[in-house]
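> need a 3D model of the sequence below.
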Amino acid sequence: MDREVKRISEGMASEFARLCYNGFWFAPEMDLIRHSVTYSQQDVTGVVSLELYKGNIICRGRTSPNALYIPDLASMDIEGGGDDFDYNPSDAAGFIRINAVRLKTYAALRAKTQK
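Numbers count the residues shown, from 1 in each chain. This is a model prediction of the structure:
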C-alpha cells in the first residue's frame, strides 16, 4: 500500500468507527467505506512476527512479496534498477519547488492581511 492510499484509508477508519457507533451499518456511506477498504487491501499480503509479553506487543519483523520498499532502489548511493529508478538529486529540486508554491502563497496572503 503506498503512502497516499494509506493516508486516505486512515481517514476512513475514523469515519467507519463513527458510522458503526451511530448504527449506520447498512447505510450507503458504510458500503462505500467497506468497498474502499476491500479495494485498498487487495495487494496487502505478508507475514508479521509479533512477541507478546506482559500485556505488550512487540513487532519482531515483517515481510511481504509485494513490498513497495526495495533497499537498492531507496539507496541514494547504489545505482541500479534501470534508468527509470536511478536517483538524480536534481529531481528533488522540482519536487520541492512545486510543493512550496502553496506555502509561499499562504505566507504572501498572511503578510498582506497583517499589514
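> CA atoms of the host helix or strand of Ala108 as CSV?
For Ala108, the host element (DSSP states H and E) is helix 90-113. Extracted in CSV, the C-alpha atoms of helix 90-113 (Å, rounded to 0.1, in the frame of the first residue of the first chain):
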residue,chain,number,x,y,z
SER,A,90,18.1,17.3,-9.4
ASP,A,91,14.8,15.5,-9.3
ALA,A,92,14.3,16.8,-5.7
ALA,A,93,14.6,20.4,-6.7
GLY,A,94,11.5,20.4,-8.9
PHE,A,95,9.5,18.4,-6.3
ILE,A,96,10.4,20.9,-3.6
ARG,A,97,9.6,23.9,-5.8
ILE,A,98,6.2,22.6,-6.7
ASN,A,99,5.3,21.7,-3.2
ALA,A,100,6.5,25.1,-1.9
VAL,A,101,4.0,27.0,-4.1
ARG,A,102,1.1,26.7,-1.7
LEU,A,103,3.3,27.6,1.3
LYS,A,104,4.7,30.7,-0.5
THR,A,105,1.1,31.7,-1.5
TYR,A,106,-0.1,31.2,2.1
ALA,A,107,2.8,33.3,3.5
ALA,A,108,2.2,36.1,1.0
LEU,A,109,-1.5,36.2,1.9
ARG,A,110,-0.8,36.3,5.6
ALA,A,111,1.8,39.0,5.1
LYS,A,112,-0.8,41.0,3.1
THR,A,113,-3.5,40.7,5.7
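> just how off-centre is that helix within its chain?
Centroid displacement of helix 90-113 relative to its chain, using CA atoms, centre = their mean, to the nearest Å, is 22 Å.
> swap in stretch 39-55?
On the basis of CA atoms, centre = their mean, stretch 39-55 sits 16 Å off its chain's mean C-alpha point.
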